[in-house]
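# model this:
(chains A and B)
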Number of protein chains: 2
Amino acid sequence: MALTVPDWLQQRARTTPERLALLDGDRPWTFAELDQQVESAARLLAGRGLGTGQRIGLLAPNSAAYVIAVHAVSRLGAVLVPLNVRLTPAERDWQTADAELALLLDADACAELASAPPVEPASVLRTIDLDAPHSIIYTSGTTGRPKGAILTYGNHWWSAVASALNLGLAPTDRWLACLPLFHVGGLAILLRSTIYGIAVHVQPRFDAQAANGAIEAGASIVSVVSTMLDRMLAERGERPYPASLRCLLLGGGPAPRPLLERARAAHAPVVQTYGLTETASQVATLAPEDALSKLGSAGKPLMGTQLRIAPDGEICVFGPTVSPGYLHQPPREGWLHTGDLGTLDDDGFLYVLDRRTDLIVSGGENVYPAEVEATLLAHPAVADAGVFGVPDPEWGASVAAAVVLAPGAHVDAETLAAFCRQRLAGYKVPRRIVFRPSLPRNAAGKLPRHALGLEADAVQETCITEADAAQ
Amino acid sequence: MALTVPDWLQQRARTTPERLALLDGDRPWTFAELDQQVESAARLLAGRGLGTGQRIGLLAPNSAAYVIAVHAVSRLGAVLVPLNVRLTPAERDWQTADAELALLLDADACAELASAPPVEPASVLRTIDLDAPHSIIYTSGTTGRPKGAILTYGNHWWSAVASALNLGLAPTDRWLACLPLFHVGGLAILLRSTIYGIAVHVQPRFDAQAANGAIEAGASIVSVVSTMLDRMLAERGERPYPASLRCLLLGGGPAPRPLLERARAAHAPVVQTYGLTETASQVATLAPEDALSKLGSAGKPLMGTQLRIAPDGEICVFGPTVSPGYLHQPPREGWLHTGDLGTLDDDGFLYVLDRRTDLIVSGGENVYPAEVEATLLAHPAVADAGVFGVPDPEWGASVAAAVVLAPGAHVDAETLAAFCRQRLAGYKVPRRIVFRPSLPRNAAGKLPRHALGLEADAVQETCITEADAAQ
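The predicted structure is shown next:
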């Protein structure tokens, strides 16, 4: 089987040049226009010596310029490394060094690419090798340090195709991207819409009114997390959504059942999905016809993907969307062990019970307790620390920590939170810190973080940092 | 990139078990029912010692049993060899021997598979290797003998996906298969509908009234060739087609412009396509939005496929749908030279001028002059023969032959036609035979068959065999 195919965007520019490819504010871009600007941007970068195999970081807010940068990096044959704009300078520096970036594109650099004039031919790619890496996306693990998950063109292609085989596809579809484009869920929209030949509507940040406005203006599919859906339903009030909205794709962790009930009452066509950075987004998605009868389920695996539950309840995944491995680590083989817990009902529907056992999903952002614990332990007054999620009606979960002070040491919760805030993105900073004489480590020295969470309510609340709630 | 994926039908039976998969007459099959019967059929064959890598021929009319046989062969890991039911016994024997069939399934054998009871576990496959051969489809060439084109699972997968990325996909789609399932255009419908999770409506043979009836009953896409479309429009008369019919996919050679104009007038949503056995069906297809403005064009290459016109006008194709080669021949590399002639207009739209230079497409069936010439030359009275197409208002083209008799030999056209009829499928038998003192071979000894055609009208018509017109 030939694994080399034409550049997706370029093929779309040739086959469907006049279709709407991108909408940013009131500025529409056809596939022909987008392709032409991407070509100019890629040539500008090629002229500066950038090319195949190099890694190019991208640190900018959602915009048409961001989209152009994504495609331009690809057309160079370079590997895209999207960085989370909410990282602290220290976190960003660490990822930049780890990825050995040849260039870091910030918002200004993206704007330059988006207005680059046509130039004489430079060396840019015309075809795509599906086995080549397209992007490296950092995702934290249980070890405390983020890891760069490698995603190939083939991973993204299969993900896009399998999504269409489940949700269907109309040439008139328009996908609203109001979640961050640096997350896999956002990036996947950009690649998918190109492969499909449909428009992506990019918004600079999530705003419930703006998102609902985009739906009124014709967006047919919207990717959301629970917090966003909650606000959109609240903003919308009693008005039903237009029939042109055919799918609210809800990811980012198990959705609260009351939210799903509200969505159902509002005739919002919510389709739950379970996805991972390491699988180029969706693993399982509820088929439209099961959306109501299997409320709360993440559905069944997409075409091409296999899913099984290990004896200990861990969700395991195999298929062509699964990343070949992490940067600086040996290639992954066989099944991907997600660390997430789930069950299958008698009809084969997946129910995700908990993300990565200890993962805290707060407003759609993943917080890995080990990373926050490592930060707390870096403070000289801290002898031990356990980080866990606390249910939060607005964010799904918020970050909490149980801290054991070193003998004779004194520090207050505000000081520890400020210490974290200097080193961690705001959404990772504990909003609640409790002091304990010891932590209930098991015989292997492992911390049962869930036990911490269960006991948390019984402990006096010591610190809530409102500033960190500005997600 | 992992190239092993779950068995398509089985995954559909798991993810969308209650959806309609197959309709044969009034008998509906859900994906769960179809999968279960295919499982029983595969186990029955496995119990008889058939399995991976073996080749199994299929010689039966369109039916649900045919569909079950197709999937059962696949589940065994065997390679499907669909044979044209219109071949003579001699032609069939030749292909059967060439393919080294382990088994030939006829209509009775298919019926047995379709009613096979569930049996205890036998060795059947659960996954698909996309690089493995799925089928071998015989296609004649310029050499006179048919060649078995190998099509992998990956070829079929990419073909199905690329078609959906062009035409769109709705979970409620239903594809009408009223053309022979042994042709690539029919077989592709079966695989595509499985991958999409939509229903295929199988009819035993083409009947304009039955086809129009299936559209009334909900078929949304219909694969047709010009002759079929012509009859359907005639049968339909003035009544507009229902809005549920969203695509009449018109293949099988360049369509006469008057037919396209009639279709346009009747609001029949015709989408022209250009396809080959060697590319698992569609290569280029007109996008829906261009159907009217580019009437007569076969559109642009599907996603993943590259297309170029060689300096001599030959259409060349490269991409993941292209067959890895022919049976008993070394693997094909690089671009596929189709032998067909075409041009690209300034907007990049393909216009197919002529199929394989000398190919005669009669009622959707391909007739290769070299094969008919070889048969004529086998008659002792024939010294030389040239076969060519003559425009035919009903069939698109009909087969004609110019024959040079051996010195002193005598034979009449009826006798020669009867001689052919014993050795060739009816649609290949010349309906018109003219006798000539010599043929205009060029310096290289090559016969400019088009020149024969141009002169044909000036020559007295010697024989028209009406029996052969019963296509």
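# could you pull out the helices for the stretch 201-350 of chain A?
Taking DSSP state H, counting those that start in this stretch, the helices of the stretch 201-350 of chain A run over residues A:208-216, A:226-236, A:257-265.
# taking helix A:226-236 as reference, get the angle to the last one.
It refers to helix A:257-265. For helix A:257-265 against helix A:226-236, the angle by axes from the mean of the first three to the mean of the last three Cα atoms, to 10 degrees is 40 degrees.
# need the residue closest to the centroid of chain A.
A:His183 (3.1 Å; Cα atoms, centre = their mean).
# so who does that residue touch?
Taking Cβ atoms under 8 Å, 6 or more residues apart in numbering or on different chains, we find A:His183 in contact with A:82, A:84, A:137, A:277, A:364. C-beta: built from backbone N, CA, C; applies to glycine.
# mind checking the longest helix of chain A?
Criterion DSSP state H: the longest helix present in chain A is helix A:31-47.
# list the helices and strands that helix packs on?
Counting contacts by 3 or more Cβ pairs under 8 Å, 6 or more residues apart in numbering or on different chains; DSSP states H and E, helix A:31-47 packs against helix A:8-15, strand A:20-24, helix A:64-76, helix A:107-114.
# about what we covered before: which one of the contacts of A:His183 sits in the busiest neighbourhood?
Highest neighbour count within the contacts of A:His183: A:Pro82, with 26 neighbours (other Cβ atoms under 10 Å in any protein chain shown).
# what residues are up against it?
A:Pro82 neighbours (Cβ under 8 Å, 6+ apart): A:57-59, A:70, A:135, A:137, A:181-183, A:187.
# which of the residues in stretch A:23-41 are buried?
Within stretch A:23-41, the residues that count as buried by 16 or more other Cβ atoms under 10 Å in any protein chain shown are A:23-24, A:29-35, A:37-41.
# picking up where we left off before, per-residue pLDDT of the residue nearest to the centre of chain A, please?
pLDDT, A:His183: 93.
# please apply the same query to A:Ala265.
pLDDT, A:Ala265: 85.
# same thing with A:Glu91?
With respect to pLDDT, A:Glu91 has a value of 87.
# so where does it fall, helix or strand?
A:Glu91 belongs to helix A:89-98 when assigned by DSSP states H and E.
# next one: that helix to chain centre, how far?
Put simply, helix A:89-98 sits 18 Å off its chain's centre (Cα atoms, centre = their mean, to the nearest Å).
# counting contacts, what elements does it pack onto?
Checked by 3+ Cβ pairs under 8 Å, 6+ apart, helix A:89-98 has strand A:55-59, strand A:146-152, helix A:413-423 packed alongside it.
# what about whatever residue of the stretch 151-300 of chain A ends up closest to chain B, how many residues nearby?
Distances between the stretch 151-300 of chain A and chain B by Cβ to the nearest Cβ are smallest at A:Gly154, namely 3.7 Å. Number of residues near A:Gly154 (other Cβ under 10 Å) recorded here: 23.
# gap between it and A:Asp131?
When distance is defined by Cβ to Cβ, to the nearest Å, A:Gly154 is 6 Å away from A:Asp131.
# same question for A:Cys420.
40 Å.
# looking at the two, which is more packed in?
Neighbour totals were compared for A:Cys420 and A:Asp131, and A:Cys420 leads with 26 against 13 (other Cβ under 10 Å).
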